[in-house]
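Asks: how would this look folded up:
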Amino acid sequence: MNKQEESNIVIVFVKLNQVWQKGKAKSLNDTTFKVKTADNLTFEIEKNSRYLEMQRFPDQKFAFGEAKERMEGAFISFDKLQPNVQDSIIKGQEHLISTAQPKDGVIKESVRLVQLVYSPSSGSRLDVQIKRTNPVKLEDAKAYQHQFTKEEYNTMVKEGENVIFTGNSLNGEKFHKLAYYEPKLNDIRTKSALSANTYFFGQQLTQQQADAMNKGMETKITILNTKKGPMTYMVGYSPRAERFVTKSLEKAKTKEMDKTVKATVGVEKKKRQPSTAISL
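Replies: A predicted model of the protein is given here:
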């Protein structure tokens, strides 16, 4: 495909067999698109079809129509959300929704964390987690058939760090997940773990790099193919935001040196302080 052809390609969302799919579209004429989906299904569709939606911005992962359908299924009005919140939802980002409604003559608040996540079978599903009345207890700290240990529980709840664990599906399949404590929900949240199939700046992670970041450690990664040549970063990962946290190697070294200098200065100050009070 040449550059002229690429410039005529647009990203669209189409609803086929009740499932929204992402695809690439090319104009055949003023009224018709030719679409090819990610699973190589090719077809023609009218540009004004109610089963077609144009991608509005590059990091849009889900169709607006899909988000609306999923949230209405959970009794949440997508149309009543602020535009910036709607945008974050279709990007696949999680959002905390608080609502108040009368129940038995008293106003009750409902706090839910919602996030659209991809599902191979349904196109997407809406992950909804309701805030617990009280912080989750150790005996209730479970996810994907895994009972968190006291050490894992304390790491998440008391230290505010994430842990990696092995989950089990109902059919016995094993997989790795990341978990962390979310105080806004009084509960534990889970996210997908990094693996050798994860890409960072278009470059596949090694299993060693993925393992290190899953454990909350920074790791050194060199991106080989950039316009400026190889670039090295110190990279961490935030499962809560589901994004990499990067800084240049130079900045990382400077920050480490600053810590060392501050620690040295602190020790020197303590050495110069008199060990006992002097009476006049």
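
Asks: Tell me which stretches of the stretch 101-250 of the chain form strands.
Replies: Ranges of strands within the stretch 101-250 of the chain are 106-117, 125-130, 142-143, 146-147, 163-168, 174-182, 187-192, 199-200, 203-204, 219-223, 231-238, 243-248, based on DSSP state E, counting those that start in this stretch.

Asks: Distance from the third one to the middle of the chain?
Replies: When you say that, I think you mean strand 142-143. From the chain centre to the centre of strand 142-143 is a distance of 19 Å (CA atoms, centre = their mean, to the nearest Å).

Asks: what is the mean pLDDT for that strand?
Replies: Across strand 142-143, the average pLDDT comes to 96.

Asks: Can you list the strands that it pairs with?
Replies: Here strand 142-143 is paired, per DSSP bridges, with strand 146-147 (antiparallel).

Asks: Would you mind measuring from the closest residue to I130 other than its chain neighbours to V128?
Replies: Excluding the flanking residues, the one nearest I130 by CB to CB, 6 or more residues apart in numbering is R112, at 5.3 Å. Every residue, glycine included, has its C-beta placed from N, CA and C. Here the criterion is CB to CB, to the nearest Å. By it, R112 lies 6 Å from V128.

Asks: Between the two, which contacts overlap?
Replies: A74 (CB atoms under 8 Å, 6 or more residues apart in numbering).

Asks: got the contact list for the residue nearest to I130?
Replies: A74, I76, L96, I97, V128, Q129, I130, K131.

Asks: Are any of those residues buried, and if so which?
Replies: I76, I97, V128, Q129, K131 (16 or more other CB atoms under 10 Å).

Asks: Surely the fourth one and V111 touch.
Replies: No. In terms of CB atoms under 8 Å, Q129 does not count as a neighbour of V111; the distance is 9.5 Å.

Asks: Identify the contacts common to these two.
Replies: Joint contacts of Q129 and V111 (CB under 8 Å, 6+ apart) are L185.

Asks: follow-up on the earlier one: between the buried ones among the contacts of R112, which sits nearest T222?
Replies: Q129 (37.5 Å; CB to CB).

Asks: If you drop the residues flanking it in sequence, what lies closest to the closest one?
Replies: The nearest residue in space to Q129 (CB to CB, 6+ apart) is L113, at 4.7 Å.

Asks: Test my guess that that neighbour contacts E94.
Replies: Yes. Judged on CB under 8 Å, L113 makes contact with E94 at a distance of 5.7 Å.

Asks: Give the buried residues for stretch 84-103.
Replies: For stretch 84-103, using 16+ other CB under 10 Å, the buried residues are Q86, D87, I89, I90, G92, Q93, E94, H95, I97.

Asks: what helix or strand does the last one sit in?
Replies: Following DSSP states H and E, the helix or strand that holds I97 is strand 95-103.

Asks: List of residues touching that strand?
Replies: 76, 81, 85, 88-89, 107-115, 184.

Asks: so how far is that strand off the chain centroid?
Replies: Offset of strand 95-103 from its chain centre (CA atoms, centre = their mean): 23 Å.

Asks: got it, and stretch 74-93?
Replies: On CA atoms, centre = their mean, the centre of stretch 74-93 falls 16 Å from that of its chain.

Asks: Please apply the same query to stretch 196-211.
Replies: Centre to centre, stretch against its chain (CA atoms, centre = their mean), the figure for stretch 196-211 is 16 Å.

Asks: May I see the buried residues of that stretch?
Replies: F200, L205, Q209, A210, D211.

Asks: Then stretch 18-28?
Replies: For stretch 18-28, by 16+ other CB under 10 Å, it's W20, Q21, K22, G23, K24, A25.

Asks: any idea of the mean pLDDT for that stretch?
Replies: Stretch 18-28 comes out at a mean pLDDT of 93.

Asks: Stretch 164-173 now?
Replies: The model assigns stretch 164-173 a mean pLDDT of 91.
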